[in-house]
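Student: model this:
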Amino acid sequence: KIMRNDTTGEVFIHSFAHGEKKYKLDDSNLKTIIFQKKQDKIVEEFLDVLKKEDKFFVDTSTNKMIMVSQDYQHNWRTEQVKLRLLQYHLYKLIRLVIIKNEQEEAIKPPDSLMEMILSVPNVKLNHFKGFSFVPVIRPDLSWCNEEGYDEKTGYYVVGKFNICENPTEQQMKEAFNRLWKPFSKFRFENEGIARSVFLSALMNIITLPLSETRPLFLISASKAGSGKTKIASCLSYLLIKDIITQKWQSDDKEMEKLIFSGLLKKQQFFIWDNVDENTEMSSAYLSQLSTTPKYQSRILQKSETVTVENLSIHFFTGNNVTVDADNFRRILKIYIKCETENPEEKIFPFDPIAMVKKCRNQMIDDKAPQTQAMILDMLKKMCKSANPNSFSSSAVEPNSPAAVQPTPAAVQPTPTAVQPTPTAVQPT
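Tutor: Below is the predicted model:
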């Protein structure tokens with residue numbers, strides 16, 4: 001345990017494993033701050049030191065100070081910083097002194113100072129949106145592929161990636177084939193549309209930081225054992241390097257509690273498994289989930305309302321599940337074809353999940369430039385359609401009544417971050 005002598009200011013390690021021995025530590029490299037009666041300036045100096053550590057942030061949902069760390073299993077997590085935890089870390093970073101008889105005398109940071117620091121973390125600290133286990137694409141379409149916090153997006157990138165910035169057409173084809181290989185043995189009911197929806201789900205994983213809202217995805221089949229959960233698990237491992245499934249709840253209130261608690265924990269990928277057979281998805285809550293960038297709810301057993309950002313992708317799996325008219329554009333369907341009487345007896349030549357786990361980094365590196373190229377192509381088409389020179393020469397006069405009427409071709413807002421198209425590239 002790291003401790004400090006309040007009288008002498010010496011920092012030492014108290015070892016319980018070595019017979020209660022104390023080992024003195026050299027604190028000459030600690031930043032020295034002189035304690036003053038006006039504590040506002042001291043608070044800013046303390047926050048400056050914490051910011052440089054690159055592990056203390058402000059949670060965008062709760063507006064409280066949090067710390068990024070890894071547990072004993074090397075899983076990344078966030079922890080709210082409270083008074084004693086803050087004191088513990090400041091002991092290792094700062095040496096607080098007072099001037100007495102023209103000499104520096106180390107003192108323990110008072111609790112009142114710690115409380116002031118915890119009350120105003122957003123004065124200096126960066127805002128934390130969540131972890132990203134894939135390269136983060138910024139609004140200017142540049143990549144953040146180095147581990148650490150990215151100020152432009154608010155994400156903390158975990159892992160290092162090698163993205164080819166300007167791939168050739170041949171490299172793009174080879175990358176697509178590698179990316180598609182784990183999914184090549186799944187058969188879709190409508191190859192054109194279902195495959196395109198699946199590709200849009202793949203692209204949404206990379207474009208998560210760019211989109212405020214995104215569609216929900218339904219993976220359905222006529223029989224059990226067709227591989228619905230398996231394909232959703234592959235996508236989950238690609239995004240968060242983990243596979244977490246949850247039981248579908250038909251009650252909207254129960255779903256709201258589960259989703260809100262997940263968003264509070266910065267959960268990004270939800271797999272809602274085994275939707276009841278022959279269910280028609282007509283939930284008003286799911287409609288809100290796909291069209292709302294921020295969500296507000298009350299914390300259980302507390303008179304406290306919290307607003308969280310909806311930075312998540314949702315997949316639903318079930319047999320013969322349909323979608324009602326209100327959610328038809330919000331929930332995109334991927335229908336898997338059952339080629340045999342007993343789909344569970346189908347033998348894959350390889351395990352798709354095992355292949356994704358083995359080749360994940362290569363797949364992410366392959367997918368990133370394709371996503372970037374697709375976005376650039378979409379922007380070019382949008383700019384071209386907005387060019388006045390591209391309109392017909394038979395346009396109406398500016399002051400005519402017809403000029404102020406909305407046209408059916410007007411672009412309508414849609415919750416989908418990346419829209420699937422039936423003309424998606426087919427795997428070779």
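Student: how near is Ala195 to Leu332?
Tutor: Let me fix one detail, which is that residue 195 is Arg and not Ala. For Arg195, the distance to Leu332 (C-beta to C-beta, to the nearest Å) stands at 12 Å. From N, CA and C alone the C-beta is placed, and that goes for glycine too.
Student: so who does Glu345 touch?
Tutor: Gly225 (C-beta atoms under 8 Å, 6 or more residues apart in numbering).
Student: Look at Arg195 and Leu332 and report which has more neighbours.
Tutor: Leu332 (24 against 21; other C-beta atoms under 10 Å).
Student: give me every residue that touches the residue located most distally from the centre of the chain.
Tutor: For the chain, the largest distance from the centre (C-alpha atoms, centre = their mean) belongs to Asn101, which lies 53.9 Å off. Going by C-beta under 8 Å, 6+ apart, Asn101 touches no other residue.
Student: any idea how far Lys124 is from it?
Tutor: If you go by C-beta to C-beta, the gap between Asn101 and Lys124 works out to 33 Å.
Student: follow-up on the earlier one: test for you: state the pLDDT assigned to the residue farthest from the centre of the chain.
Tutor: The model reports Asn101 with a pLDDT of 75.
Student: ok, now the one 10 residues further on?
Tutor: The predicted structure scores Asp111 at 85 on the pLDDT scale.
Student: And the one 4 residues further on, by the same measure?
Tutor: According to the model's per-residue confidence, Glu115 sits at a pLDDT of 89.
Student: Counting by contacts, list what the helix or strand harbouring it packs against.
Tutor: According to DSSP states H and E, Glu115 maps onto helix 111-119. Where contact means 3 or more C-beta pairs under 8 Å, 6 or more residues apart in numbering; DSSP states H and E, helix 111-119 is packed against helix 40-52, helix 83-91.
Student: Make TSV out of those helices and add mean pLDDT, mean neighbour count and distance to Glu344.
Tutor: Formatted as TSV, these follow (pLDDT from 0 to 100; neighbours: other C-beta atoms under 10 Å; distance: least, C-beta to C-beta, whole Å):
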stretch	mean pLDDT	mean neighbour count	distance to Glu344
helix 40-52	86	16	54
helix 83-91	85	16	49
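Student: Which one of these lies nearest to Ser290?
Tutor: helix 40-52 (35.7 Å; C-beta to C-beta).
Student: After that closest one, which helix or strand is next? Please name it.
Tutor: Assigned by DSSP H and E, the successor of helix 40-52 is strand 56-59.
Student: which neighbours does that following strand have in its sheet, and in what orientation?
Tutor: Strand 56-59 pairs in its sheet with strand 65-70 (antiparallel), strand 127-128 (parallel), by DSSP bridges.
Student: Next, the buried residues of the longest one.
Tutor: Of the residues in strand 65-70, those with enough neighbours to count as buried (16 or more other C-beta atoms under 10 Å) are Met65, Ile66, Met67, Val68.
Student: which of these lies closest to Ile299?
Tutor: Of the buried residues of strand 65-70, the one sitting nearest to Ile299 (C-beta to C-beta) turns out to be Ile66, at 16.1 Å.
Student: I figured the closest one hits Lys55, correct?
Tutor: No: between Ile66 and Lys55 there is no contact under C-beta atoms under 8 Å: 9.3 Å.
Student: ok so, going back, mind giving me TSV with the helices and strands packed on helix 111-119 and columns for distance to Ile299?
Tutor: Below are those laid out as TSV (distance: least, C-beta to C-beta, whole Å):
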stretch	distance to Ile299
helix 40-52	26
helix 83-91	21
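Student: Between those, which one is closest to Gln171.
Tutor: Evaluated over those, closeness to Gln171 peaks at helix 40-52, with 39.2 Å, by C-beta to C-beta.
Student: Next, the angle helix 111-119 makes with the closest one.
Tutor: 60 degrees (axes from the mean of the first three to the mean of the last three C-alpha atoms, to 10 degrees).
Student: Contacts for helix 40-52 next, please.
Tutor: Outside helix 40-52, the residues touching it (C-beta under 8 Å, 6+ apart) are 31, 33, 35-36, 56, 89-90, 93-94, 113, 116-117, 120-121, 123-126.
Student: Give me the buried subset of the residues you listed.
Tutor: For the contacts of helix 40-52, a burial check counting by 16+ other C-beta under 10 Å picks out Ile33, Phe35, Phe56, His89, Leu90, Ile94, Leu113, Ile117, Pro121, Lys124, Leu125, Asn126.
Student: List phi and psi for the residue nearest to the second one when sequence neighbours are not counted.
Tutor: So the one you mean is Phe35. Among residues not flanking Phe35 along the chain, Ile98 sits closest, at 4.9 Å (C-beta to C-beta, 6 or more residues apart in numbering). Dihedral pair for Ile98: phi -120, psi 150, per degrees, to the nearest 10.
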